[in-house]
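J.: Got a predicted model here, sequence first, then my questions.
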Amino acid sequence: MRRRYTTLESLMEAWPSPQEQADVNRLARETMAGITGMLSREVMARTPVGASGNLRGSVFTEIKGESPGALRGVVASRAPYAGYVEFGRRPGGAMPPWREGSPLHRWVVRNLESRDGDFESTAFLVARAVARRGIPGRRMFARAFDENRSRIEGRIRELLDEIARIVGG
């Protein structure tokens, strides 16, 4: 009779050899790399291009942990303004940076017209509007995860079945 494992911890108890454990660790890491890669592509497809495309290009993946039970996949952005694009901004508070060289100024130059080429004044007006009205969040990370949850769970189920096969379950 084939034993059915329901948790990763119950599978870990059944590992009889270091080679099987190494195989399982490798397989779990490959699975996590596949999941984070898929999520990264989904996030980038949902990320607005903005003035330079830097936000889309700043999305990265990272895998933390060594054993299957401790693995954590990270899909994130290194752009300092990524949180504002993801979550938005409430009305009120200080204006975002708007002077020449700022991401907002580059966006204004790329996307808006300015009277007499005075983009700094236009950037100021946009920054003031953002401070007064706020901006909605794009939720590109949250939506990518939510819309792919069943694919992720399916891949994890496949991983558990493969681990059970490796350990002779």
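T.: Everything's here; your move.
J.: Need the phi and psi values for residue 66.
T.: According to degrees, to the nearest 10, the main-chain angles of residue 66 amount to phi -110, psi -50.
J.: now swap in residue 41 and tell me
T.: phi -60, psi -40.
J.: how much space between it and residue 98?
T.: As for residue 41, its distance to residue 98 is 32 Å (criterion: C-beta to C-beta, to the nearest Å). No exception for glycine: its C-beta is placed from N, CA and C like everyone else's.
J.: Which pLDDT does the model give the residue nearest to the spatial centre of the chain?
T.: Most central residue of the chain, judged by C-alpha distance to the mean C-alpha position with C-alpha atoms, centre = their mean, is residue 75 at 3.2 Å. Per-residue pLDDT puts residue 75 at 98.
J.: which SSE is it in?
T.: strand 72-77 (DSSP states H and E).
J.: and that strand, what does it pack onto?
T.: Counting contacts by 3 or more C-beta pairs under 8 Å, 6 or more residues apart in numbering; DSSP states H and E, the secondary-structure elements packed against strand 72-77 are helix 18-46, strand 59-64, helix 140-147.
J.: buried set for that strand?
T.: By neighbour count on 16 or more other C-beta atoms under 10 Å, the buried set for strand 72-77 is 73, 75, 77.
J.: again with stretch 87-106
T.: Neighbour counts using 16+ other C-beta under 10 Å place 89, 96, 98, 102-106 of stretch 87-106 among the buried residues.
J.: cool, stretch 30-44 as well?
T.: Those would be 31-32, 35-36, 38-40, 42-44, for stretch 30-44 by 16+ other C-beta under 10 Å.
J.: Same list, those, but as JSON lines with pLDDT and distance to residue 126 please.
T.: What follows is those, written out as JSON lines (pLDDT from 0 to 100; distance: C-beta to C-beta, whole Å):
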{"residue": "31", "pLDDT": "96", "distance to residue 126": "44"}
{"residue": "32", "pLDDT": "97", "distance to residue 126": "40"}
{"residue": "35", "pLDDT": "98", "distance to residue 126": "38"}
{"residue": "36", "pLDDT": "98", "distance to residue 126": "34"}
{"residue": "38", "pLDDT": "98", "distance to residue 126": "35"}
{"residue": "39", "pLDDT": "98", "distance to residue 126": "31"}
{"residue": "40", "pLDDT": "98", "distance to residue 126": "30"}
{"residue": "42", "pLDDT": "97", "distance to residue 126": "29"}
{"residue": "43", "pLDDT": "97", "distance to residue 126": "25"}
{"residue": "44", "pLDDT": "96", "distance to residue 126": "25"}
